[in-house]
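>>> The following comprises the amino acid sequence and a computationally predicted model.
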Amino acid sequence: TNSTTLTLSGNTGSITKWQSSTSANFASAIDITNTTTSLTASNLTTTTYYRAVVQSGTCPLEYSDTLQIVVVSNLDGGSLSPSG
């Protein structure tokens, strides 16, 4: 189990949603229904990218900077057994 909170600051306008993706270009973005400045990312099993989608008035949608969370699997050091 893993968990971290992402926080958006310095934005102008309202957050319309957050997005996550396993690719840096967000080709397969997953929309997250959250319109607050904080998002909790948890139970990640692979490297995941996050961004917020922001809009001010009738202006076009804008995207926040992208945050990459790298997941490193537990490494197995092998086992020892007596020889001979």
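Noted; the coordinates are in hand. Residues are numbered from 1 along each chain as shown.
>>> use CA for all of it now, contacts and neighbours both
OK.
>>> Tell me which residue is most central in this structure.
Per CA atoms, centre = their mean, the C-alpha nearest to the average position across the chain is that of residue 50, at 3.2 Å.
>>> Quickly find the element holding the closest residue to residue 20 other than its chain neighbours.
Distances taken as CA to CA, 6 or more residues apart in numbering place residue 50 nearest to residue 20, at 4.5 Å, with adjacent residues excluded. In this assignment (DSSP states H and E), residue 50 forms part of strand 48-55.
>>> what helices or strands is that strand leaning on?
strand 14-21, strand 62-63, strand 67-69 (3 or more CA pairs under 8 Å, 6 or more residues apart in numbering; DSSP states H and E).
>>> So what's the residue count around the closest residue to residue 57 other than its chain neighbours?
Spatially, and ignoring its direct neighbours in sequence, residue 57 is nearest to residue 13 (7.1 Å; CA to CA, 6+ apart). Neighbours of residue 13 under the rule other CA atoms under 10 Å: 14.
>>> same thing with residue 53?
Around residue 53 there are 18 residues (other CA under 10 Å).
>>> Minimum distance to residue 4: which of the helices and strands packed on strand 48-55 has it?
Counting by CA to CA, residue 4 lies closest to strand 67-69 out of these; the figure is 9.4 Å.
>>> The closest one packs against which elements?
strand 48-55.
>>> Report the rounded mean pLDDT for the strand it packs on.
Averaging pLDDT along strand 48-55 gives 97.
>>> Could you shift the numbering so residue one becomes 7, and keep it that way?
Shifting the count to begin at 7 puts that one at strand 54-61.
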